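need a structure here:
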Amino acid sequence: MENKNSTYKWWKDKMANKIVIEKEILDWENPIRGIYGIFIKEKEDVYCAYVGRANNIYHRFFSSSGKDRGHLVKIKSDDCKNEKIKQALGKETAVIEIKVLEEVKCQYDDYYKDMQRLAFAEYYHISKYQELNQCLEQLPDGRNMDKDVWEDEYEKRHNKDETFSL
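Residues are numbered from 1 along each chain as shown. Sure thing, here's the model as predicted:
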């Protein structure tokens, strides 16, 4: 059966050399549930720009319906917010690689456990890359402090520390 998704066609016809997607992700008839990574490769350097989780990774990239439009749909419509990905799109020597980092199948023993397994795997991979100073635009879904509040507290603490060091 032929894939008739318009974003898939756009990617295949115009972006397949710039955005390289693992073959298993492209199998829309057998979707993968799990964790994926979006990497920027330039020469020998590889940088993880984003880690995400999805019940259907193909859908997470190619879906144009609903509030969570797919990553490639956003790139196609120039609505990508990730600065590293946007920079890579503008660099001739950079390639974006999309990979499955971990398949997390539903075990169907308990709904909450299945959801937690997926969330835990995502957090694990985000932490792994952030320890390497990558994936730094990443925020977990469960954040409870807005960035401006964090920045205010940071400034207060830094100014307090400087006062005491005088």
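
outside of stretch 70-81, which residues touch it?
Applying CB atoms under 8 Å, 6 or more residues apart in numbering, the external contacts of stretch 70-81 come out as 7, 10-11, 15, 19, 38, 50, 52, 59-64, 69, 85-86, 89, 98. C-beta coordinates here come from the backbone N, C-alpha and C atoms, glycine included.

can we see that at 7 Å?
Contact with stretch 70-81 is made by T7, W10, W11, I38, H59, R60, F61, F62, S63, S64, K86, L89, as judged by CB atoms under 7 Å, 6 or more residues apart in numbering.

check contacts around M1.
Contacts of M1 (CB under 7 Å, 6+ apart): none.

please redo it, this time with the cut-off set to 8 Å
By CB under 8 Å, 6+ apart, the residues touching M1 are E29.

Now do it against K14, distance only.
22 Å (CB to CB, to the nearest Å).

closest to E29 among the contacts of stretch 70-81?
H59 (12.0 Å; CB to CB).

I figured that closest one hits I32, correct?
No - H59 is not in contact with I32 according to CB atoms under 8 Å; the separation is 10.1 Å.

what's the burial count for K156?
Neighbourhood size, K156 [other CB atoms under 10 Å]: 10.

Quick one: classify it as helix, strand or coil.
helix (DSSP: H, G, I helix; E, B strand; the rest coil).
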